[in-house]
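Engineer: Got a predicted structure plus its sequence, pasted below:
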Amino acid sequence: MIPFSKPEIKLTTSDMKKIQKSINSGWFCKGQYVKKLENHFKEKFNVKYAVACSNCTSGLIIAFKVLGIKNKFIGVQSFTWPSIKLAIEYSQNFPIWLDIDKETWLIKDKKNNGIDLSDIIVLTDTFGNESNSFTKKPIIVDAAHGYGLPNLGHRGLIEVVSFSLTKVITGGQGGIILFNDDNLYENIQEFVDLSAKMMEISAYLCLKSISEYELKQKSKLNIIKQYRDFIKIPFKEQKINGFTNYSVFSILLESKKVRDKIVQKFIKNNIEPKTYYSPLIMNSNLINTEWVFNRILSLPIYSEIEKEIEKICKLINEA
């Protein structure tokens, strides 16, 4: 089957030797590569603190813990990955599910959207589309897809980036916690040291991925252009809220019927279909969330997919 996502890290003989040397040293975590990764984020994004962790979910849980957020109502979009739901509930808080904007797929900035009822707002960079602050309420940023965004590290009390397999920068797994408050550092580092340390190998893979980022972005944009050129049936794209890294490229079809027909064609032709995010909850207040989910189709954009684009687009056009 043609996969939806495929990590692209080209390891050389030199890379393998460095990884083996790291293993032989006995420093499986808290070594030179974790430190280099943290320094990269501090320098590139001009953020005061960057603490690498085992994954983005752990980073989000730690964010709620160190900020002392407990028994609070957390406003968060339902159109997102389940990690944030786990983080909210694990830290003994209560989600208020917010609708998204029909065009940007970010939180809809309306007073009747549950924002006024929320104590804290979680912003989400949906598929790499940068989400910016629209409220005076305290903000945590689920920046799982946020690498490369111009305001990364400067939008909320804490922002957490993911390095899982589907992200623009990957270490297989991993995450990094970004913040600028001196008072948070010791507690965050303690939580990470106790339960969420990043492996040196993951940090090395992240650094390798970062070194190839610009080249991969050029390839990705070329593939997206080909989709735009070859898809002939009506579709809409996500409206960009200032900047995106195109972590995921998704289109909206005219109807659920058309989208589902394409999904079945993909399955029959051994192409993995992706229709995420499946909303974490559905109710009558989440009109746009349901509308987008019923029409969305995410398309593969890794470099090896280029040879399959015409086939993929042909199946889409037959719907």
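Structural biologist: Nice, I can see it.

Engineer: Please enumerate the strands of the stretch 201-319 of the chain.
Structural biologist: Taking DSSP state E, counting those that start in this stretch to define them, one finds strands in the stretch 201-319 of the chain at 235-237, 249-253, 296-299.

Engineer: Run the chain-centre distance for the shortest one.
Structural biologist: The chain centre lies 20 Å from the centre of strand 235-237; the measure is C-alpha atoms, centre = their mean, to the nearest Å.

Engineer: now swap in the longest one and tell me
Structural biologist: Going by C-alpha atoms, centre = their mean, the spacing between the C-alpha centre of strand 249-253 and its chain's C-alpha centre is 17 Å.

Engineer: again, but for the last one
Structural biologist: Mean C-alpha position of strand 296-299 versus that of the full chain (C-alpha atoms, centre = their mean) differs by 15 Å.

Engineer: then it to PDB, C-alphas only?
Structural biologist: The C-alpha coordinates for strand 296-299 follow below in PDB (Å, rounded to 0.1, in the frame of the first residue of the first chain):
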ATOM      1  CA  ILE A 296     -11.700  16.800   4.000                       C
ATOM      2  CA  LEU A 297      -9.100  14.600   2.300                       C
ATOM      3  CA  SER A 298      -5.400  14.800   3.200                       C
ATOM      4  CA  LEU A 299      -2.900  14.000   0.500                       C
END
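
Engineer: Check which helices and strands that strand is in contact with.
Structural biologist: Helices and strands touching strand 296-299, by 3 or more C-beta pairs under 8 Å, 6 or more residues apart in numbering; DSSP states H and E, are strand 249-253, helix 256-268. The way it works is simple: take the backbone N, C-alpha and C, and place the C-beta from them, glycine included.

Engineer: for the ones you listed, which one sits closest to Met1?
Structural biologist: helix 256-268 (9.0 Å; C-beta to C-beta).

Engineer: what angle do the closest one and strand 249-253 make?
Structural biologist: 130 degrees (axes from the mean of the first three to the mean of the last three C-alpha atoms, to 10 degrees).

Engineer: from the chain's centre, how far out does helix 256-268 sit?
Structural biologist: 25 Å.

Engineer: low pLDDT regions in the stretch 101-250 of the chain?
Structural biologist: Scanning the stretch 101-250 of the chain for pLDDT under 70 picks out 111-112.

Engineer: Helices of that one, start to end?
Structural biologist: 185-195, 200-211, 213-230 (DSSP state H, counting those that start in this stretch).

Engineer: and the residue nearest to Ile115 when sequence neighbours are not counted, what does it touch?
Structural biologist: Nearest non-adjacent residue to Ile115, counting by C-beta to C-beta, 6 or more residues apart in numbering: Gly75, 5.6 Å away. Listed by C-beta atoms under 8 Å, 6 or more residues apart in numbering, the contact partners of Gly75 are Pro95, Ile96, Leu98, Ile107, Gly114, Ile115, Leu117, Ser118, Ile120, Ile121, Val122, Lys137.

Engineer: ditto for Val192
Structural biologist: Val192 sits in contact with Val51, Ala52, Cys53, Ser58, Ile62, Ile177, where contact means C-beta under 8 Å, 6+ apart.

Engineer: Nearest residue to the second one in space, ignoring adjacent ones along the chain?
Structural biologist: Yep, that's Ala52 we're talking about. Nearest non-adjacent residue to Ala52, counting by C-beta to C-beta, 6+ apart: Met198, 4.1 Å away.

Engineer: my read: the one you found touches Ala50, true?
Structural biologist: No - if you go by C-beta atoms under 8 Å, Met198 and Ala50 don't touch, sitting 11.4 Å apart.

Engineer: any shared contact partners between these two?
Structural biologist: Leu37.

Engineer: Those two: who's more crowded?
Structural biologist: Higher neighbour count among Met198 and Ala50: Met198, with 28 against 21, using other C-beta atoms under 10 Å.

Engineer: List phi and psi for the more buried one.
Structural biologist: phi -80, psi 140 (degrees, to the nearest 10).

Engineer: State the distance from it to Gln217.
Structural biologist: 24 Å (C-beta to C-beta, to the nearest Å).

Engineer: And for Trp27?
Structural biologist: Trp27 is 32 Å from Gln217, by C-beta to C-beta.

Engineer: now swap in Glu237 and tell me
Structural biologist: 17 Å.

Engineer: ok, now Phe293?
Structural biologist: Taken as C-beta to C-beta, the span from Phe293 to Gln217 is 27 Å.

Engineer: When those two are compared, which one has more neighbours?
Structural biologist: Phe293 (22 against 14).

Engineer: thinking the more buried one is in contact with Tyr277, fair?
Structural biologist: Yes - between Phe293 and Tyr277 there is a contact under C-beta under 8 Å: 7.2 Å.

Engineer: State the number of residues packed around Thr244.
Structural biologist: Neighbours of Thr244 using other C-beta under 10 Å come to 21.
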